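*Asks:* For reference, the sequence and a predicted model appear below.
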Amino acid sequence: MIKINVAQQLKQPLGVTRLYKVSEKDKANGCRVEGELKLVRTDKGILITGELNTITTLTCSRCLSVFEYPLTLSLAEEYVPTLDIVSGTLLPVPEGLFTVDNNHEICLDDALNQYTLTSLPMKPLCRPDCKGLCDHCGLNLNNGDCTCSHDIDHRWAALTGLVSTVKR
């Protein structure tokens, strides 16, 4: 869980900037998250920008092997406080925005999860030239060729372009 205390920065004038180095282990997936974030005081709250690097574990869509996939997440999110820093009164929070909690801390976990999900490939591949699995025996073809017969059913031959005429 990555939390940043912004109580002092919320008391500062607009435009005050703070750099925050992240180097923590994400307990949810066991990977390290590293990078640097820039926190800027805005009229609404705190704007966080920067890049974070992590590695996630994916399953190849062709051969079903599990592999590590490096990710660089470019964050740009504004966090609005739920509690006035001076008076302690509750503030209305516009829907759909990330918030600074009542302890004046920003938790990056939800944003990191959203950025990670949108950064992942739709069909992850363990490598660009992944050969996948044999459709007969299920052997991972990246580890070697199988001994299956790959004869094409004559009914499908015309679609593959292997036979010029089709018997009916």
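*Replies:* Right, received. Where do you want to start?
*Asks:* Pull out the buried residues from stretch 41-49.
*Replies:* By neighbour count, with 16 or more other CB atoms under 10 Å as the criterion, the buried positions of stretch 41-49 are Arg41, Gly45, Ile46, Ile48. The way it works is simple: take the backbone N, C-alpha and C, and place the C-beta from them, glycine included.
*Asks:* err, stretch 24-44, not the other one
*Replies:* The neighbour-count check on stretch 24-44 (16+ other CB under 10 Å) flags Asp26, Cys31, Val33, Gly35, Leu37, Leu39, Val40, Arg41 as buried.
*Asks:* Which members of the residues you listed are the farthest-apart pair?
*Replies:* Taking every pair in the buried residues of stretch 24-44 and measuring CB to CB, the maximum separation is 30.6 Å, between Cys31 and Arg41.
*Asks:* ok, of the buried residues of stretch 41-49, which one's closest to Gln12?
*Replies:* For Gln12, the closest of those turns out to be Arg41, at 5.2 Å, with distances computed as CB to CB.
*Asks:* Go through the buried residues of stretch 24-44 and flag which are in strands.
*Replies:* The strands, defined by DSSP state E, take in Val33, Gly35, Leu37, Leu39, Val40, Arg41 from the buried residues of stretch 24-44.
*Asks:* And those residues, which is closest to Glu105?
*Replies:* Glu105 lies nearest to Leu39 out of those, by CB to CB, at 12.2 Å.
*Asks:* Dig out what the closest one forms beta bridges with.
*Replies:* Residues in a beta bridge with Leu39, per DSSP bridges, are Arg18, Ile48.
*Asks:* got a list of what it touches?
*Replies:* Taking CB atoms under 8 Å, 6 or more residues apart in numbering as the definition of contact, the neighbours of Leu39 are Ile4, Val6, Gln9, Thr17, Arg18, Leu19, Tyr20, Ile46, Leu47, Ile48.
*Asks:* gap between the first one and Cys63?
*Replies:* Applying CB to CB, to the nearest Å, one obtains 40 Å for the distance of Ile4 from Cys63.
*Asks:* With the fifth one instead?
*Replies:* Between Arg18 and Cys63 the distance is 45 Å, computed by CB to CB.
*Asks:* Between the two, which is the more surrounded one?
*Replies:* When neighbours are counted by other CB atoms under 10 Å, Cys63 comes out ahead of the other of Arg18 and Cys63, with 19 against 15.
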